[in-house]
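# Predicted model and sequence below, questions to follow.
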Amino acid sequence: MAANQRAVNWFIREVENMKFLKHPNVVGLKEFGYADETFFFTMEYCDGGSVVDLMAKRGVSTLPGEAVAIILQVLDGLT
């Protein structure tokens with residue numbers, strides 16, 4: 001990927017934007033860099049799982065009210 005300058009620019013722009021996302025509902029960026037011809041980034045560990053994990057654990061999709069609550073939390077993190 002490093003050979004493609006457009007991809008390099010995209011990666012740098014994205015991690016620079018991620019550095020400024022500070023919100024309890026957003027997983028934080030810890031570090032980023034380039035090593036062994038590979039770009040990388042590390043993020044905070046979240047042990048709560050994803051919405052997909054939640055649905056798989058239950059064996060059903062989320063209830064509408066619960067889905068709305070999750071979506072509102074996501075949107076709050078993006079504002």
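Perfect, I can see it now.

# Only the C-alpha atoms, please, for the helix or strand of the chain with the lowest mean pLDDT, written as CSV.
Here the helix or strand of the chain ranked lowest by mean pLDDT, DSSP states H and E is helix 51-58, holding a mean of 81. Provided in CSV are the C-alpha atoms of helix 51-58 (Å, rounded to 0.1, in the frame of the first residue of the first chain):
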residue,chain,number,x,y,z
VAL,A,51,-23.6,-4.8,18.1
VAL,A,52,-23.1,-7.8,15.9
ASP,A,53,-21.7,-9.7,18.9
LEU,A,54,-24.7,-8.7,20.9
MET,A,55,-27.1,-10.0,18.3
ALA,A,56,-25.2,-13.2,17.8
LYS,A,57,-25.2,-13.8,21.6
ARG,A,58,-28.9,-13.4,21.7
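
# For that helix, which outside residues touch it?
Applying CB atoms under 8 Å, 6 or more residues apart in numbering, the contact partners of helix 51-58 are Gly49, Ser61, Thr62, Ile70. Backbone N, C-alpha and C define where each C-beta goes, glycine included.

# Next, the angle from the host helix or strand of Leu72 to helix 51-58.
Assessed by DSSP states H and E, Leu72 sits inside helix 64-78. Interaxial angle, helix 64-78 versus helix 51-58 (axes from the mean of the first three to the mean of the last three CA atoms, to 10 degrees): 160 degrees.

# For helix 64-78, buried residues please.
Counting neighbours by 16 or more other CB atoms under 10 Å, one finds that helix 64-78 has no buried residues.

# And the host helix or strand of Arg6, what's buried?
Take DSSP H and E as the rule and Arg6 turns out to sit in helix 5-18. Across helix 5-18, burial judged by 16+ other CB under 10 Å covers Phe11, Val15.

# Likewise for stretch 18-36?
Neighbour-count burial for stretch 18-36, counted by 16+ other CB under 10 Å, picks out Val26, Leu29, Phe32.

# these two touch, right, the last one and Thr38?
Read that as Phe32. No - assessed by CB atoms under 8 Å, Phe32 is found out of contact with Thr38, at 11.5 Å.

# quick one, what contacts the spatially most central residue of the chain?
In the chain, the C-alpha nearest the mean C-alpha coordinate belongs to Val27, at 5.8 Å (CA atoms, centre = their mean). If you count contacts by CB under 8 Å, 6+ apart, Val27 has them with Met43, Glu44, Cys46.
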